[in-house]
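Enquirer: coords please:
(2 chains)
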Amino acid sequence: SQQGEEDPQALSIQEGENATMNCSYKTSINNLQWYRQNSGRGLVHLILIRSNEREKHSGRLRVTLDTSKKSSSLLITASRAADTASYFCATDKDSWGKLQFGAGTQVVVTP
Amino acid sequence: GAVVSQHPSRVICKSGTSVKIECRSLDFQATTMFWYRQFPKKSLMLMATSNEGSKATYEQGVEKDKFLINHASLTLSTLTVTSAHPEDSSFYICSARHSGTGGRQETQYFGPGTRLLVL
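Expert: Next up is the predicted model:
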């Protein structure tokens, strides 16, 4: 089973609005990563946040990590139609770098 | 950022044939590559870990004789789906982990995926 679980499963917003999605996991982690996938394409790495970090920013993206609650959130501010994609969180399973992916959040941004 | 390519991007084959998918890290060396499978509107499922110069390690439930993995160099891993059947139809994605040190090693870079359709 997937360790990372995202909610909501789907999110529909209008351009300019913020989009927030959450990820929960069950076991301890070294880091947590967020990826974006456009339909039928590969994954694009967005942000990696380490277990000793609480918040990270990259452009319009903001990721938080709460290891006590075993959860992370991804915030996309001022969304654009081009942000329409599926977003996955992934936790590292072991030191070899195996990733366990959540079910993903499908985000649709309408103009 | 680092680039990973996959070839072919899509392939249609007849049931019973074998299909080889290549995964290349174009501008970095990758000691470790991973192969994932993704069903429509689903998440990625790790199939196996490909280690350069050694045998691949497979996740539980993945048939190693069905999905042959070869990691002959630091920039190339191949996945061969042997005797493919319609249920093997899926989206196969590889990723490569940078062999360097520090933060780059933690990040995995994904290929664009290969869509396999077995008739």
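
Enquirer: quick one: strands adjacent to the least confident helix or strand in chain A by mean pLDDT?
Expert: Here the helix or strand of chain A ranked lowest by mean pLDDT, DSSP states H and E is strand A:5-7, holding a mean of 77. When pairing is defined by DSSP bridges, strand A:5-7 lines up against strand A:19-24 (antiparallel).

Enquirer: who does residue 36 bridge with?
Expert: Here I'm looking at chain A. Under the criterion used (DSSP bridges), A:Arg36 bridges to A:Val44, A:Tyr87.

Enquirer: wait, chain B
Expert: Bridge pairing for B:Tyr36 - DSSP bridges - gives B:Leu46, B:Ile93.

Enquirer: look up how far B:Gly113 lies from A:Ala82.
Expert: As judged by CB to CB, to the nearest Å, A:Ala82 and B:Gly113 stand 20 Å apart. Glycine gets a C-beta too; all of them are placed from N, C-alpha and C.

Enquirer: which bits of chain A sit near chain B?
Expert: A:2, A:30-31, A:33, A:35, A:40-45, A:48, A:50, A:88, A:92-93, A:96-104, A:106 (CB under 8 Å from any CB of the partner chain).

Enquirer: which of the residues you listed are buried?
Expert: Neighbour counting with 16 or more other CB atoms under 10 Å in any protein chain shown marks A:2, A:31, A:33, A:35, A:41-43, A:45, A:48, A:88, A:92-93, A:97-104, A:106 as buried within those.

Enquirer: show me the shaky parts of chain A.
Expert: A:1-4, A:95 (pLDDT under 70).

Enquirer: strands of that one, start to end?
Expert: With DSSP state E as the criterion, chain A has strands at A:5-7, A:10-14, A:19-24, A:31-37, A:43-50, A:55-58, A:61-66, A:71-76, A:85-92, A:99-101, A:105-110.

Enquirer: residues in chain B within reach of chain A, list them.
Expert: Residues of chain B found near chain A (CB under 8 Å from any CB) are B:1, B:4, B:6, B:32, B:34, B:41-46, B:49, B:91, B:93, B:95, B:97, B:103, B:105-113, B:115.

Enquirer: low-confidence regions, chain B specifically.
Expert: Low-confidence segments of chain B (pLDDT under 70): B:1, B:99-106.

Enquirer: show me where it has strands.
Expert: Secondary structure of chain B (DSSP E): strands located at B:4-7, B:10-13, B:19-25, B:32-38, B:44-51, B:57-58, B:67-73, B:76-81, B:90-97, B:108-110, B:114-118.

Enquirer: got JSON lines for the ones you listed, with distance to A:Glu55 and mean neighbour count too?
Expert: Formatted as JSON lines, these follow (distance: least, CB to CB, whole Å; neighbours: other CB atoms under 10 Å in any protein chain shown):
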{"stretch": "strand B:4-7", "distance to A:Glu55": "29", "mean neighbour count": "18"}
{"stretch": "strand B:10-13", "distance to A:Glu55": "40", "mean neighbour count": "14"}
{"stretch": "strand B:19-25", "distance to A:Glu55": "31", "mean neighbour count": "21"}
{"stretch": "strand B:32-38", "distance to A:Glu55": "28", "mean neighbour count": "24"}
{"stretch": "strand B:44-51", "distance to A:Glu55": "26", "mean neighbour count": "22"}
{"stretch": "strand B:57-58", "distance to A:Glu55": "35", "mean neighbour count": "16"}
{"stretch": "strand B:67-73", "distance to A:Glu55": "37", "mean neighbour count": "17"}
{"stretch": "strand B:76-81", "distance to A:Glu55": "35", "mean neighbour count": "22"}
{"stretch": "strand B:90-97", "distance to A:Glu55": "25", "mean neighbour count": "25"}
{"stretch": "strand B:108-110", "distance to A:Glu55": "22", "mean neighbour count": "25"}
{"stretch": "strand B:114-118", "distance to A:Glu55": "36", "mean neighbour count": "18"}
